[in-house]
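Enquirer: Return atomic coordinates for the entry below.
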Amino acid sequence: MNLRSHLRSHPELHAGALNDILFILLFFFLIVSTLANPNVVKLSQPKSKSDTKAKQTVVVSIDASNQFYVGTSKVTLEELKLKLQPVLAKEKDQPTVVVNADKKVPIENIVDVMRVARELGARTVLAVDKSGVK
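Expert: All right, here's what the predicted structure looks like:
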């Protein structure tokens, strides 16, 4: 009678439930990742509840009738680069242009101001309604 051959069995790991657990974890992380950023597709008007702490070098305003202002002086889009260049040249650090636009201003006008600021080596900040109300 040989008892030693029966004692040498090889242990096996049953991994059938492992697939189920991984599948449930995959679904959990997919659902959580969509809840983490709910505004993926939704677009809205610019609004904010916090205050931006960027140093304001110059403010460019655009009113509802698409008139451009550097500070308080009225300029055209063609004159904008000439008016901003001396103001931004005085700044030692990275200059900042704050764009203060009315809600009814077309986005093309805001992008034009940002493009001019980028050509002059400045960064831009869009001023938004602090109350967060549309």
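Enquirer: Name the next helix or strand downstream of the strand or helix carrying I31, please.
Expert: Assigned by DSSP states H and E, I31 belongs to helix 16-36. Per DSSP H and E, helix 16-36 leads on to strand 58-62 as the next helix or strand towards the C-terminus.
Enquirer: Now do that next one: which elements does it pack against?
Expert: strand 68-70, helix 77-89, strand 96-101, helix 107-119 (3 or more C-beta pairs under 8 Å, 6 or more residues apart in numbering; DSSP states H and E). In this view, the C-beta of every residue, glycine as well, is placed from N, C-alpha and C.
Enquirer: So which elements touch the first one?
Expert: This points to strand 68-70. strand 58-62, strand 73-75, helix 77-89.
Enquirer: what's the angle from the first one to helix 107-119?
Expert: The reference is to strand 58-62. If you take axes from the mean of the first three to the mean of the last three C-alpha atoms, to 10 degrees, strand 58-62 sits at 160 degrees to helix 107-119.
Enquirer: sorry, back to before: out of the helices and strands packed on strand 58-62, nearest to E12?
Expert: Nearest to E12 among the helices and strands packed on strand 58-62 is helix 107-119 (64.0 Å), distances taken as C-beta to C-beta.
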